[in-house]
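Asks: build me a model from this:
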Amino acid sequence: MTCTNGDVAGGKQLVEISGRPMLSWTIEAFDRTHTIGHIVVVCPEERCAEYRARAVEPCGFETPITFADAGMTRQDSTHAGLVAAPEGCAYVAIHDGARPLIRPETIDAAVQALCADAGLDGVVCGQPAIDTLKIADPVGLIDSTPDRSQFWCVQTPQVFRIDALRQAMDFAARTGFVGTDDASLVEQAGGLVRCIEAPRDNLKVTVPEDLPLVEAIMQMRRN
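Replies: Here you go, the predicted structure:
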C-alpha cells in the first residue's frame, strides 16, 4: 500500500525524477518485489484520475493497482488503504509515495522478517542513529545527551500483520491516540514491532532541496 499526500500543486508525487513522476518509481519498486500481490495507492479523491493517467497507466505495471481516497490525517489515509485491501491479505506494507528510492529487495526483506517471526506484529525499515542526540527545552537549552545506541531513524515501508494493524487502528479510534507513524499505533495497542536496517539512501522528498539529491542517486543507479 502506498500512502500519498497532495502537498503541492499537482501533488509532489507527480514531480518528475529522471523523466518519470516520482510515484511511478515508488510503485515500480513494489511491482518488482517477490512478496507484494496488490498495490493500493491512497491519494486525494480529486487527483485519482490524474495520478492514474500520469503515474500508473503509462508504465505497464504487472501488479494489480487500485486507488483509495486519502483522509484528513495519515491515520485516516491508512484506514482507507486497509479498507481497500483485497480480502485474504495477511500482511500490509505501508510506504510513503515520496520515497522513490526504495529498493524491491528492501521491501522483500521487511516482509520476510515479519513472516519469519510469529511473535512480531510489525517490522519497520530504518537505520540506527549515527548523530549525537540532545534533549533540549522549547528554547533550545540542552538538558541531556541520551545514549544514541538505543535510537533508530525510522522510514518506510512499515510492514504489519493486517489484523494487528486493524486492531491498532480501532484502539487508536477508541482512545483518541494520534501516532506519528503507523508503527506507533501498533506499539500503543501493545503490539511488538521490530526495526530492521535498510539502505540510508531511502530518502523522502519533503522540501524542494531534496529533489537534486534524489535525482542524482536515481541517475547513478540507472547508469
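Asks: number of nearby residues for Trp152?
Replies: A total of 15 residues lie near Trp152 under the criterion other C-beta atoms under 10 Å. In this view, the C-beta of every residue, glycine as well, is placed from N, C-alpha and C.
Asks: for it, grab phi and psi.
Replies: Summarising the backbone geometry of Trp152 under the convention degrees, to the nearest 10, its torsions are phi -120, psi 150.
Asks: from what I see, it and Ile196 are in contact.
Replies: No: in this structure Trp152 lies outside contact range of Ile196 using C-beta atoms under 8 Å: 9.7 Å.
Asks: what touches both of those two?
Replies: Overlap between the neighbourhoods of Trp152 and Ile196 consists of Gly126, taking contacts as C-beta atoms under 8 Å, 6 or more residues apart in numbering.
Asks: what helix or strand is the residue positioned nearest the centre of the chain located in?
Replies: If you average the C-alpha coordinates of the chain and look for the closest C-alpha using C-alpha atoms, centre = their mean, you land on His95, 2.0 Å from that point. His95 is part of strand 91-96, with elements assigned from DSSP states H and E.
Asks: likewise Pro86?
Replies: Secondary structure assigned from DSSP H and E places Pro86 in neither a helix nor a strand.
Asks: ok, now which ones touch the closest residue to it other than its chain neighbours?
Replies: Here the nearest residue to Pro86 in space, its sequence neighbours aside, is His38; by C-beta to C-beta, 6 or more residues apart in numbering that works out to 5.3 Å. By C-beta under 8 Å, 6+ apart, the contact set of His38 is Thr63, Pro64, Ile65, Thr66, Ala85, Pro86, Cys89.
Asks: TSV for those residues, including neighbour count, pLDDT and secondary structure?
Replies: Rendered in TSV, the data for the contacts of His38 read as follows (neighbours: other C-beta atoms under 10 Å; pLDDT from 0 to 100; DSSP: H, G, I helix; E, B strand; the rest coil):
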residue	neighbour count	pLDDT	secondary structure
Thr63	14	97	coil
Pro64	10	97	coil
Ile65	19	97	strand
Thr66	13	96	strand
Ala85	18	95	coil
Pro86	10	93	coil
Cys89	15	93	coil
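Asks: mind putting those into TSV with distance to Asp147?
Replies: Supplementary listing: these in TSV, determined by distance: C-beta to C-beta, whole Å:
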residue	distance to Asp147
Thr63	42
Pro64	45
Ile65	43
Thr66	44
Ala85	39
Pro86	43
Cys89	39
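Asks: ok, Ile17 - how many residues close by?
Replies: Residue crowding around Ile17 was assessed by other C-beta under 10 Å; the count is 19.
Asks: please read the previous query as pertaining to Leu114.
Replies: Other residues lying near Leu114 total 25 when counted by other C-beta under 10 Å.
Asks: do a quick rundown of the helices in this structure.
Replies: Assigned helices in the chain, in chain order: 22-31, 48-51, 74-84, 104-115, 162-175, 182-188, 210-222 (criterion: DSSP state H).
Asks: which of these sits closest to Val139?
Replies: Nearest of these to Val139, taken as C-beta to C-beta: helix 182-188 at 26.7 Å.
Asks: could you say what helices and strands that closest one packs with?
Replies: Applying 3 or more C-beta pairs under 8 Å, 6 or more residues apart in numbering; DSSP states H and E, one finds that helix 182-188 makes contact with helix 74-84, strand 122-128, strand 152-161, helix 162-175, strand 193-197.
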